[in-house]
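Engineer: kindly return the folded structure for what I paste below:
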Amino acid sequence: MSASSDTLGDFLTAIRNGSKAQRAAVTVQWSRLREEVARTLAQSGYIAGYRKAERDKLPVLEVSLKYVSGAPAITGIERLSSPGRRRYAGVADVPKVIGGMGITIVTTSRGILTDAECRRQKVSGELLAKVW
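Structural biologist: Residues are numbered from 1 along each chain as shown. This is a model prediction of the structure:
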């Protein structure tokens, strides 16, 4: 079994698959980037919560998925940058998802922010993912 070079992509896939399977929570290996993305998703209301735990003496991230009237709060989640092809955007070019109904997650010099926070703070960065 080989380790993936795209840990964020694996994390987003775990959330996508867990939501479609109506799972209460998904557990993935912990990383600082994954925890920051989970924080952003929780603040935006796409997941119920997350917590750092330990399993077999290794740090893991437990993400509680959110459902609204039985339907997943996340209808779509898509990776924008990849390890082989990074995508960057200036402040004016950070894309809106479904006319502002979703969020774009961006890593900036001020941490991981949503597209709206990037415009408010006038910062740009690498486009990580879009969620709707």
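
Engineer: for this protein, what's the longest helix?
Structural biologist: The longest helix of the chain (DSSP state H) is helix 7-20.

Engineer: buried sites along that helix?
Structural biologist: Neighbour-count burial for helix 7-20 flags 8-9, 11-16, 18-19 (criterion: 16 or more other Cβ atoms under 10 Å). Every residue, glycine included, has its C-beta placed from N, CA and C.

Engineer: swap in stretch 111-119?
Structural biologist: Neighbour counts using 16+ other Cβ under 10 Å place 112-115, 117-118 of stretch 111-119 among the buried residues.

Engineer: then stretch 65-72?
Structural biologist: Under the neighbour-count criterion of 16+ other Cβ under 10 Å, stretch 65-72 has 65-66, 72 buried.

Engineer: cool, and stretch 52-65?
Structural biologist: 60-65.

Engineer: contact partners for Arg119?
Structural biologist: Residues counted as contacts of Arg119 (Cβ atoms under 8 Å, 6 or more residues apart in numbering) are 91, 94.

Engineer: could you rerun that using 6 Å?
Structural biologist: Contacts for Arg119 (Cβ atoms under 6 Å, 6 or more residues apart in numbering) come out as none.

Engineer: doesn't it belong to a strand?
Structural biologist: No: counting by DSSP: H, G, I helix; E, B strand; the rest coil, Arg119 falls outside a strand, being helix.
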